[in-house]
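A.B. asks: One predicted model, sequence on top.
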Amino acid sequence: MHVSGFGTESRSGSCCPVRVRAPARKDFSQNRDDRSPMPATLTHVVAAVLRDPSGRVLLSQRLPGQHLAGLWEFPGGKIEPDEDAVAALRRELEEELGIEAGACRPLVSLRHDYPEKKIRLSVFEVHGWRGEVRGREGQALRWAAPAELERLDMPAADRPLLRLLTLDGYYAISPSPAALGAEAFIEAWQACLEAGYRLLRLRPAPGERVADQLIDRIDALSRSHGARWIASGELARCYGWPAHGLHLDSRQLMTLDERPLPEESLLIASCHDLEEIRIAAALGVDLVTLSPVQATSSHPGAAPLGWADFERLVGYSPLPVLALGGVGPDDWVRARALGAFGVAGIRAFGWR
C-alpha cells in the first residue's frame with residue numbers, strides 16, 4: 001500500500017483495484033454482544049512473554065504426543081480449577097522452566113477455536129525471574145527476536161500475539177488535517193510523538209485529499225521518533241502513502257474479500273460487535289478497535305457498550321482488541337485487566 005511498501009498505487013493516482021464484494025445487508029445492532037456463557041468445553045490457558053536483555057523472547061517446543069506437537073509456543077499451560085491466572089502461570093513456569101517469575105502483567109487475552117478444542121489464552125509479560133531457564137520436561141527452548149517469529153511454526157492461537165511484541169497498546173488517532181491546517185496539524189502530530197505515543201493513525205475527513213507534502217512530513221517525523229503511522233480513508237488515496245499500515249472502517253471491512261496489503265504491514269479495523277470482529281479475523285486483520293466503550297461527544301447517538309459488555313466481547317475475540325470511545329491513556333491498565341491489548345482515542349491523547 002505504499003510507494004515502495006504496501007501499495008498498489010502510485011501518487012499519480014493509477015492503482016490496481018482491491019477486490020470487493022457487495023456489502024452484507026445484515027443488521028448488527030441485534031448482535032452487539034454475546035450474552036451466552038463461555039462453553040463448558042473451553043480450556044483456559046496462560047502463556048508468558050519472557051525477554052532477555054537483547055529483547056529476544058523465549059519459546060518452548062511442544063513435546064511429541066502433545067496437542068500441536070513440535071510447534072514453538074510461548075511457555076505456559078492450563079489453569080487448574082482452583083487457580084487464578086497468575087498463580088497458574090507461576091506454577092507452569094516453575095514446572096517447565098525451573099524459574100520463579102517476578103511481576104506478571106497482563107498483555108492480552110484471545111479466544112481460539114481449534115477443531116478439537118476451544119481455548120481462551122491469557123498472555124502475561126513477565127518482568128524478571130529467579131533461576132536459570134532450562135527445559136525441565138525435556139522440551140527444546142530457544143530465544144528469538146520478534147522479527148524471527150513469523151518464520152517459525154507456531155500454534156494458530158499464538159500467531160496474533162506476534163504483532164503485539166513491538167507495540168505498547170496505545171493508539172493515537174488524529175482529527176482531520178484540514179480542520180487544523182497543515183502547520184497546526186504537524187505541530188499536534190509532533191506533540192503526540194513527544195508525549196511518547198508510537199502508533200498514530202492519520203484520519204482525514206470523508207473525501208478529504210491530504211497533500212503529498214503533508215504526508216511526507218508526517219512520515220519523516222514519525223520515523224525520526226521510531227514511531228509507526230497508519231493510513232485511513234479512501235483506499236485509492238491511501239495506497240500511495242508510505243505508511244506502516246492501514247486502518248479499515250467498518251464499511252470497508254464489510255466489502256473487502258481479501259487482505260488489502262502484505263503481511264508485513266499492520267492492518268487494523270474498526271469493529272462494534274462480535275460479528276464484525278469475526279469478519280476481521282477472517283480477513284486477516286491484526287488488531288481491532290471496539291467501540292464505543294463509553295458515551296462520546298463525537299458520536300452522541302451511539303449506544304455505549306459499557307465496560308462489562310466490552311469485557312464480554314473481548315472474551316470471545318480471536319483478535320487483540322483496543323478499547324475506543326470515551327476512554328484515554330489512563331484506562332490502559334483497566335483495559336488490559338479486562339483482556340484487551342490497550343486503548344485508542346483522539347481528544348484524550350492530546351488532539352483537539
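C.D. replies: Arrived safely, thanks for sending.

A.B. asks: Now that Tyr114 has come up, it's in contact with Ala156, right?
C.D. replies: Yes - using CB atoms under 8 Å, Tyr114 is in contact with Ala156, at 7.3 Å. All C-beta atoms are positioned from the backbone trio N, CA, C, and that covers glycine.

A.B. asks: Pull out the buried residues from the host helix or strand of Ser109.
C.D. replies: Per DSSP states H and E: Ser109 is located in strand 100-113. Using 16 or more other CB atoms under 10 Å as the test for burial, strand 100-113 gives 101, 104, 106-112.

A.B. asks: cool, stretch 157-176 as well?
C.D. replies: For stretch 157-176, the neighbour count (16+ other CB under 10 Å) marks 157-158, 160-165, 167, 169-175 as buried.

A.B. asks: per-residue pLDDT, Arg163?
C.D. replies: Note on Arg163: pLDDT of 93.

A.B. asks: now swap in Ser4 and tell me
C.D. replies: Ser4 is assigned a pLDDT of 39 by the prediction.

A.B. asks: and stretch 85-101, how far out from the chain's middle?
C.D. replies: Centroid separation between stretch 85-101 and its chain, computed with CA atoms, centre = their mean, to the nearest Å, is 26 Å.

A.B. asks: same question, stretch 276-295
C.D. replies: 9 Å.

A.B. asks: cool, stretch 153-162 as well?
C.D. replies: In this view, stretch 153-162 has its centroid 13 Å away from the chain centroid, taken as CA atoms, centre = their mean.

A.B. asks: Endpoints of it, how far apart?
C.D. replies: 12 Å (CA to CA, to the nearest Å).

A.B. asks: Just give me the closest of the buried residues of stretch 157-176 to Val86.
C.D. replies: Nearest to Val86 among the buried residues of stretch 157-176 is Leu161, at 18.0 Å by CB to CB.

A.B. asks: how about the closest one, what does it touch?
C.D. replies: Counting by CB atoms under 8 Å, 6 or more residues apart in numbering, Leu161 touches 47, 49, 74, 107-108, 110, 123, 320.

A.B. asks: coming back round to it: name the residues that touch the strand holding Ser109?
C.D. replies: 48-49, 86, 89-90, 93-94, 118-131, 156-157, 160-161, 164, 314-321, 336-337, 339-341.

A.B. asks: Out of the contacts of Leu161, the closest to Asp257 would be?
C.D. replies: Of the contacts of Leu161, the one sitting nearest to Asp257 (CB to CB) turns out to be Pro320, at 22.7 Å.

A.B. asks: per-residue pLDDT, the spatially closest residue to that closest one that is not a sequence neighbour?
C.D. replies: In this structure, Pro320 finds its nearest non-sequential neighbour in Phe341, 4.0 Å apart by CB to CB, 6 or more residues apart in numbering. You'll see Phe341 listed with a pLDDT of 98.

A.B. asks: could you list every residue that touches Phe341?
C.D. replies: 107-108, 164, 167, 169, 287, 320-322, 335.

A.B. asks: could those residues be laid out in TSV, adding secondary structure and distance to Pro64?
C.D. replies: TSV is the format used below for the contacts of Phe341 (DSSP: H, G, I helix; E, B strand; the rest coil; distance: CB to CB, whole Å):
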residue	secondary structure	distance to Pro64
Leu107	strand	29
Val108	strand	29
Leu164	helix	29
Leu167	coil	34
Gly169	coil	36
Leu287	strand	34
Pro320	coil	31
Val321	strand	35
Leu322	strand	38
Ala335	helix	39
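
A.B. asks: Switch the residues you listed over to CSV; also include distance to Arg142.
C.D. replies: Listed next are the contacts of Phe341 as CSV, based on distance: CB to CB, whole Å:
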residue, distance to Arg142
Leu107, 20
Val108, 22
Leu164, 19
Leu167, 23
Gly169, 26
Leu287, 26
Pro320, 24
Val321, 29
Leu322, 30
Ala335, 31
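
A.B. asks: And Gly339, its phi and psi?
C.D. replies: The phi and psi values for Gly339, taken as degrees, to the nearest 10, are phi 100, psi -10.

A.B. asks: Got the confidence number for the residue nearest to it when sequence neighbours are not counted?
C.D. replies: Among residues not flanking Gly339 along the chain, Ser109 sits closest, at 3.3 Å (CB to CB, 6+ apart). Note for Ser109: predicted pLDDT of 97.

A.B. asks: Please name the bridge partners of Ser109.
C.D. replies: Beta-bridge pairing for Ser109 (DSSP bridges): Ser122.
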